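# sequence first, then the predicted structure:
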Amino acid sequence: MNNEEHRRLYWSCRRGMLELDLLLIPFLQDCYDTLNPEQQALFHQFLESTDIDLFAWLTQPTQVPLDSPFADLITQIRTHAQTRPRT
């Protein structure tokens, strides 16, 4: 990922809700480059969602429809948040 793309994505991950920032920014920094191009495009689409939807999807498992195109991505973000080392 080039620096300009990284800056845009980083800015998109800064949501104004600390809870979302703490989930999205580390995922971007640690995992985005390992996603395949389709998953990266889906992450871009995911970030276009409202803060309310993102918060519900990432913090309340029952809020994610099983047929959502974001279901796998949401699982990856949650898993990363739960398993990443804390400093």
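Here it is on my side, so go on.

# tell me the confidence at L23?
Here the pLDDT value assigned to L23 is 96.

# my guess is it meets I77, correct?
Yes. With contact defined as CB atoms under 8 Å, L23 and I77 form a contacting pair (5.8 Å). Every residue, glycine included, has its C-beta placed from N, CA and C.

# please enumerate the shared neighbours of these two.
Common neighbours of L23 and I77, using CB atoms under 8 Å, 6 or more residues apart in numbering, are L58.

# how about stretch 36-48 as PDB, C-alpha atoms only?
Provided in PDB are the C-alpha atoms of stretch 36-48 (Å, rounded to 0.1, in the frame of the first residue of the first chain):
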ATOM      1  CA  ASN A  36      -6.400 -10.000  -0.900                       C
ATOM      2  CA  PRO A  37      -7.500  -7.300  -3.300                       C
ATOM      3  CA  GLU A  38     -11.200  -8.300  -3.000                       C
ATOM      4  CA  GLN A  39     -11.000  -8.100   0.800                       C
ATOM      5  CA  GLN A  40      -9.300  -4.800   0.600                       C
ATOM      6  CA  ALA A  41     -12.000  -3.400  -1.600                       C
ATOM      7  CA  LEU A  42     -14.600  -4.700   0.800                       C
ATOM      8  CA  PHE A  43     -12.800  -3.000   3.700                       C
ATOM      9  CA  HIS A  44     -13.000   0.300   1.700                       C
ATOM     10  CA  GLN A  45     -16.800  -0.300   1.300                       C
ATOM     11  CA  PHE A  46     -17.100  -1.200   5.000                       C
ATOM     12  CA  LEU A  47     -15.600   2.100   6.000                       C
ATOM     13  CA  GLU A  48     -18.300   3.900   4.000                       C
END
